[in-house]
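> sequence first, predicted model second:
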Amino acid sequence: MAAAAAPLATRSQPRHAPSCPLTLPLQVAFVATGESKAAILQQVFDASVPPSEALPAARVRQSDTQLPTWFTDLPAVALLG
């Protein structure tokens, strides 16, 4: 008769690991296509809306001078001035 396998010893992990801010040199990009995205993009790029109330994509800032890259088609940007 085969012996029962012994359970593996595991190291106890905290339930919530402490978070630490991390800055990485990343390039953030979004893709938005089609006329159904036109109103959303208009909201994203509306400078009169405070960032705290804006859509999540509008709050992404890589630095004070570098914004995310957007890949769109013409129908998606039809409402932008």
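All right, it came through fine. Numbering: from 1, shown residues only.

> any idea how far residue 71 is from the spatially closest residue to residue 72 that is not a sequence neighbour?
Leaving aside its sequence neighbours, residue 72 sits nearest to residue 32 (C-beta to C-beta, 6 or more residues apart in numbering; 5.0 Å). Where C-beta positions appear, they are placed from N, C-alpha and C, glycine not excepted. Distance of residue 32 to residue 71, computed by C-beta to C-beta, to the nearest Å: 8 Å.

> swap in residue 43?
From residue 43 to residue 71 the distance is 18 Å (C-beta to C-beta).

> could you do residue 40 as well?
15 Å.

> neighbour count winner among those two?
The neighbour comparison of residue 40 against residue 71 (other C-beta atoms under 10 Å) goes to residue 40, with 15 against 10.

> got the buried residues for the helix or strand containing that one?
Counting by DSSP states H and E, the element that carries residue 40 is helix 38-44. With burial defined by 16 or more other C-beta atoms under 10 Å, the residues of helix 38-44 counted as buried are 38, 41, 44.

> just those residues: which has the poorest pLDDT?
Checking pLDDT across the buried residues of helix 38-44, the minimum falls on residue 44 at 86.

> can you name the residues that contact that one?
54, 55, 57, 58 (C-beta atoms under 8 Å, 6 or more residues apart in numbering).

> between these, which is nearest residue 81?
When the contacts of residue 44 are compared for distance to residue 81 (C-beta to C-beta), residue 58 wins out at 16.2 Å.

> any idea how far residue 19 is from that closest one?
24 Å.

> between those two, which has more neighbouring residues?
residue 58 (19 against 6).

> with adjacent residues omitted, what lies nearest to that one?
That would be residue 44: by C-beta to C-beta, 6+ apart, it lies 4.4 Å from residue 58.
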